[in-house]
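Undergrad: Any chance you could fold what I've pasted below:
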Amino acid sequence: MNETWLPLCSSIHDAQSILLISHIFPDGDTCGSALALRRALLSLGKDVACCCEHSVPDIYTMLDGADTIVHPDALAGRAFDLAISIDVADEGRMGSGCAALFAAARRTAQIDHHGTNPCYADTNVIRSPLSATGVLVTELLDALEVPFDRKIAECLYVAVATDTGNFKQANADAAAFSVAARCIGCGFDIAAISRRVFDLKPVCQVKLFGAALSSLQTSHGGEVATAVVSREDFERCGAKPEHTEGIVNIVFNMEQVKIAALLVEKGEGVKVSLRSVAPYDVAEVSRQFGGGGHAMAAGCTMQTDLEEARRAIAAACEAIL
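TA: Numbers count the residues shown, from 1 in each chain. This is a model prediction of the structure:
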């Protein structure tokens, strides 16, 4: 066994009850990775629970076990033998309820691929740069000697495909394609999965895209582009926060743009998603506002109004160009 996995495999084998935690506003990598690991641990006879502060987006509900991911309130008072966070770059990204369950576990571990991760668990398996946490979960399943089946393959494929922009982004490395090839070899319907995850959109989401793109602003000679989604936009379009998925990439894919930002009003704050081309490091920008992430894909949450957040983010992006 690769020495990377010995401590975590030992903790898993010693534990009977295991909690898997996904990050707030879950994406395909945190959902797919957690659900693949859930199925693997169940095959080993473990008592497994999955939790997340926010609901699983509709496009991932077809994955095996998606209906078992619960709000942390449903698990309040339980002390698990082992809690593992999946694709959670820092403890704040768990949300308060999941963080409390994590802290109450007898042992803690994490699997992640964010370079800004501060190593907050007892056992930390972090590799950066790496395309997706799904790659690491694939390695863990091999270390645990759990074979792939079609349902595990679907989960891991979604994890890796979504975090690489359907294998179009700069982080689509050899490891990502290797995992995809293994998954496809298990015989699931790649066309159906890809259409569900990347192409099909409800009417409310299409309307929200229109609202966001109508807010588009550029600066620094067109090299910085920002778009916003307000609470009023959500209400007018009948959309949910998960329906912002993909907007930042449309903004980023405009000619001349080197850094793109999408700012979304959520709760009392503004969630910021950043994208860049090399060599511009938007993790540097996000860290200025208490966030983190990867060099070319990062994010943060700002406690200010939407337009003030836009001005601050645009200025920070212009400063690194």
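Undergrad: what mean pLDDT does stretch 287-306 have?
TA: Taken as a whole, stretch 287-306 has an average pLDDT of 93.
Undergrad: what sits up against that stretch?
TA: For stretch 287-306, the external contacting residues (CB atoms under 8 Å, 6 or more residues apart in numbering) are 89-90, 114-117, 128-129, 169-171, 228, 230, 263, 265-266, 268-278, 280-283, 285-286, 309, 312-313, 316. Bear in mind the C-beta positions are built from the backbone N, C-alpha and C, glycine included.
Undergrad: Could you check how far it is from the centre of its chain?
TA: 14 Å (CA atoms, centre = their mean, to the nearest Å).
Undergrad: now do stretch 183-198
TA: What separates the centre of stretch 183-198 from the centre of its chain is 19 Å, taken as CA atoms, centre = their mean.
Undergrad: Please apply the same query to stretch 87-101.
TA: 13 Å.
Undergrad: Check what contacts that stretch and list those residues.
TA: 19, 21-24, 27, 29-30, 33-34, 51-54, 71-73, 75-76, 78, 80, 83, 85, 102, 110-114, 116-118, 120, 132-133, 292-293.
Undergrad: Glu53 belongs to a strand?
TA: No: per DSSP: H, G, I helix; E, B strand; the rest coil, Glu53 lies outside any strand segment and is coil.
Undergrad: gap between the closest residue to it other than its chain neighbours and Pro72?
TA: Closest residue in space to Glu53, ignoring its immediate chain neighbours: Gly95 at 3.1 Å, by CB to CB, 6 or more residues apart in numbering. Using CB to CB, to the nearest Å, we find Gly95 at a distance of 7 Å from Pro72.
Undergrad: Now do the shared contacts for the two.
TA: Joint contacts of Gly95 and Pro72 (CB under 8 Å, 6+ apart) are Cys52, Glu53.
Undergrad: after the least confident helix or strand in the chain by mean pLDDT, next one along is what?
TA: Ranked by mean pLDDT, DSSP states H and E, the helix or strand of the chain with the weakest confidence is strand 292-293, at a mean of 88. Counting by DSSP states H and E, the next helix or strand C-terminal to strand 292-293 is strand 297-302.
Undergrad: Might you report the residue contacts of the nearest residue to Glu245 once chain neighbours are set aside?
TA: Of all residues beyond its chain neighbours, the one nearest Glu245 is Pro57 (7.0 Å), with distances taken as CB to CB, 6+ apart. Residues in contact with Pro57, defined by CB under 8 Å, 6+ apart, are Pro26, Asp27, Cys31, Glu242, Glu245.
Undergrad: low-scoring stretches of this structure, by residue?
TA: Regions of the chain meeting the criterion pLDDT under 70 cover residues 1-2.
Undergrad: Spell out, range by range, the helices that occur in it.
TA: All helices of the chain, identified by DSSP state H, fall at 6-14, 28-43, 96-104, 133-143, 150-163, 174-184, 190-194, 203-214, 231-237, 247-252, 282-288, 306-320.
Undergrad: Quick one: those as CSV, columns for mean neighbour count and distance to Gly222 too.
TA: What follows is the helices of the chain, written out as CSV (neighbours: other CB atoms under 10 Å; distance: least, CB to CB, whole Å):
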stretch, mean neighbour count, distance to Gly222
helix 6-14, 16, 46
helix 28-43, 26, 30
helix 96-104, 18, 40
helix 133-143, 24, 34
helix 150-163, 26, 28
helix 174-184, 17, 31
helix 190-194, 14, 32
helix 203-214, 16, 15
helix 231-237, 15, 24
helix 247-252, 21, 12
helix 282-288, 21, 17
helix 306-320, 18, 12
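Undergrad: out of these, nearest to Thr61?
TA: helix 28-43 (9.2 Å; CB to CB).
Undergrad: how big is the angle separating that closest one from helix 150-163?
TA: Here helix 28-43 runs at an angle of 160 degrees relative to helix 150-163 (axes from the mean of the first three to the mean of the last three CA atoms, to 10 degrees).
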